[in-house]
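S.K.: here is a sequence with its predicted model. Questions after.
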Amino acid sequence: MTANVAAALAPASLELKQVEIGDLPFYNEDLENTNAPAPWAAFRQAIKNSDALLFVTPEYNRSVPAVLKNAIDVGSRPYGKGVFGGKPGAIISVSPGAIGGFGANHHLRQSLVFVDVPTMPQPEAYIGGASKLFDPAGNLTNDGTKEFLQKFMNAFASWVEKHAPA
């Protein structure tokens, strides 16, 4: 829901597309040269075709969900041929808890450093109490959060403009 709201609030200079990661087979380097699953190639192509990356993630056990870590593994391999390199990025982490996915946000930042995604340092986006921010249809009902996400998306657009590869 947060990703949908962020996309709706994005300035016209950003054309956002969600890349589905839930169906990616788990990365197994043994399959890379023999029987690489077709979804890996499709995911890599989608990232390769992107100018920037916005990660919107929940926090599970003070870290990122396994599907997100898997997507990073798939996109960063084979070694030396990853598709993330140099693309500017930003992170929005979401949690029903009070600290808004701080652990997930910072664990993801560690991985993004390694795969060479220059990640927007400010503003940071930790959306806490997320279970109380949306109505059953997925509409954001908190004006303060909406205002914050609007500012975040404007900052992300500026970050992309400044750091996108030529």
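M.R.: Received, thanks.

S.K.: show me where the protein has strands.
M.R.: 53-58, 89-94, 125-127 (DSSP state E).

S.K.: who wins for proximity to P78 among those strands?
M.R.: With Cβ to Cβ, the closest approach to P78 among the strands of the chain belongs to strand 53-58: 19.6 Å. Any C-beta I mention is one placed from the backbone N, CA and C, and that applies to glycine too.

S.K.: just checking, what packs against that closest one?
M.R.: Here strand 53-58 touches helix 2-9, strand 89-94, helix 102-114, going by 3 or more Cβ pairs under 8 Å, 6 or more residues apart in numbering; DSSP states H and E.

S.K.: out of those, nearest to K17?
M.R.: That would be, of the helices and strands packed on strand 53-58 and by Cβ to Cβ, helix 2-9, which comes in at 8.7 Å.

S.K.: pull the CA atoms of that closest one into PDB?
M.R.: C-alpha atoms of helix 2-9 as PDB (Å, rounded to 0.1, in the frame of the first residue of the first chain):
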ATOM      1  CA  THR A   2       2.800   2.400   0.800                       C
ATOM      2  CA  ALA A   3       4.500   1.800  -2.600                       C
ATOM      3  CA  ASN A   4       1.200   2.600  -4.300                       C
ATOM      4  CA  VAL A   5       0.800   5.800  -2.400                       C
ATOM      5  CA  ALA A   6       4.400   6.800  -3.000                       C
ATOM      6  CA  ALA A   7       3.900   6.200  -6.700                       C
ATOM      7  CA  ALA A   8       0.800   8.300  -6.800                       C
ATOM      8  CA  LEU A   9       2.600  11.200  -5.000                       C
END
